[in-house]
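# missing the sequence, but the structure's below:
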């Protein structure tokens, strides 16, 4: 059997410009991301976004061993040419964390680089409930957080994203820890097929001041009893 032309690999720092570009263009239609990141066509915007993702990944890796940014690569069987198809950021907290550590908002949620004060506060109002929900479920317990997942448009619906999710899940299973993410309603059945369970819904006010829902999904370690599938501290 011929080897698969697809591989999920740890990203090198040299890959970050391409991977960050993929992330930015995948989410640029969201008004929150436009304020958070800026117009990717404006000079310097992609470079600044790359620096932020590098900072987040380096900071995490300094405390928790293992790759954060993953890439899915396709190798052309004829030419050997490689193309990056997908990016996934798995922040895996492989040890217990102190209250000070887990109550600090994630750098990529902090919006500290947004110069417009009113815009930054509006972003934080949207993002604090996301942070609080993670603390509610996991607090300082070890777990894996899938934060960004995106696939190049022409490669969607071909299992590429699933491969990136599975790679992080495999690491979580090796460590015996749960995996956590916030999904879109469309993504729920996809994640359920990979072993995630919908544990509730995060409700918050959207950018347009309407209520929006984000299903909270957790893939529990094998053998976890139903009574143990509860928020931290209960």
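Right, received. Where do you want to start? Predicted model only: the values in this text are computed from it and were never measured. Numbering: from 1, shown residues only.
# centre-most residue in this protein?
residue 147 (1.4 Å; Cα atoms, centre = their mean).
# pLDDT averaged over whichever strand or helix holds it - what is it?
Using DSSP states H and E, residue 147 maps to strand 143-151. Mean per-residue pLDDT for strand 143-151: 96.
# related to what we said a few turns ago, any idea what the residue lying closest to the residue nearest to the centre of the chain once chain neighbours are set aside is bridged to?
Distance criterion Cβ to Cβ, 6 or more residues apart in numbering; nearest residue to residue 147, sequence neighbours excluded, is residue 89 at 4.8 Å. In this view, the C-beta of every residue, glycine as well, is placed from N, C-alpha and C. With DSSP bridges as the criterion, residue 89 is bridged to residue 69, residue 148.
# go ahead and confirm residue 89 touches residue 69.
Yes - using Cβ atoms under 8 Å, residue 89 is in contact with residue 69, at 5.5 Å.
# re the thing from before, next up, the contacts around the residue nearest to the centre of the chain.
89, 90, 91, 106, 108, 181 (Cβ atoms under 8 Å, 6 or more residues apart in numbering).
# residues near the residue nearest to the fourth one when sequence neighbours are not counted, how many?
Sequence neighbours aside, residue 131 is the residue nearest to residue 106 in space, at 6.5 Å (criterion: Cβ to Cβ, 6+ apart). For residue 131, the tally of surrounding residues (other Cβ atoms under 10 Å) stands at 17.
# who touches residue 131 in this structure?
105, 106, 109.
# so which of those residues are in strands?
Assignment to strands by DSSP state E places none of the contacts of residue 131 there.
# this protein: helices as residue ranges?
Secondary structure of the chain (DSSP state H): helices located at 16-27, 31-37, 45-63, 99-103, 107-110, 117-138, 160-175, 188-193.
# got the angle for the longest one vs strand 143-151?
If I follow you right, that is helix 117-138. 130 degrees (axes from the mean of the first three to the mean of the last three Cα atoms, to 10 degrees).
# how about the worst-scoring helix or strand of the chain on mean pLDDT: buried residues?
In the chain, the helix or strand scored least confidently by mean pLDDT, DSSP states H and E is helix 31-37, which has a mean of 83. Across helix 31-37, burial judged by 16 or more other Cβ atoms under 10 Å covers 32, 33, 35, 36, 37.
# just to revisit the earlier point, dump the contacts of residue 147 to JSON lines, plus neighbour count and distance to residue 141.
Formatted as JSON lines, the contacts of residue 147 follow (neighbours: other Cβ atoms under 10 Å; distance: Cβ to Cβ, whole Å):
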{"residue": "89", "neighbour count": "24", "distance to residue 141": "20"}
{"residue": "90", "neighbour count": "25", "distance to residue 141": "16"}
{"residue": "91", "neighbour count": "24", "distance to residue 141": "14"}
{"residue": "106", "neighbour count": "16", "distance to residue 141": "16"}
{"residue": "108", "neighbour count": "17", "distance to residue 141": "20"}
{"residue": "181", "neighbour count": "22", "distance to residue 141": "16"}
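# same list (those) but as a markdown table, adding pLDDT.
Shown next, in a markdown table, are these (pLDDT from 0 to 100):
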| residue | pLDDT |
| --- | --- |
| 89 | 98 |
| 90 | 98 |
| 91 | 98 |
| 106 | 97 |
| 108 | 96 |
| 181 | 97 |
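# and of the residues you listed, the nearest to residue 9?
The shortest gap between residue 9 and any of these belongs to residue 90, at 12.8 Å (Cβ to Cβ).
# I figured the closest one hits residue 171, correct?
Yes - under the criterion of Cβ under 8 Å, residue 90 makes contact with residue 171 at 7.1 Å.
# what's the overlap in contacts for the two?
residue 144.
# where in the protein is pLDDT low?
Where the chain drops to pLDDT under 70, the residues are 1-2, 205-210, 233-234.
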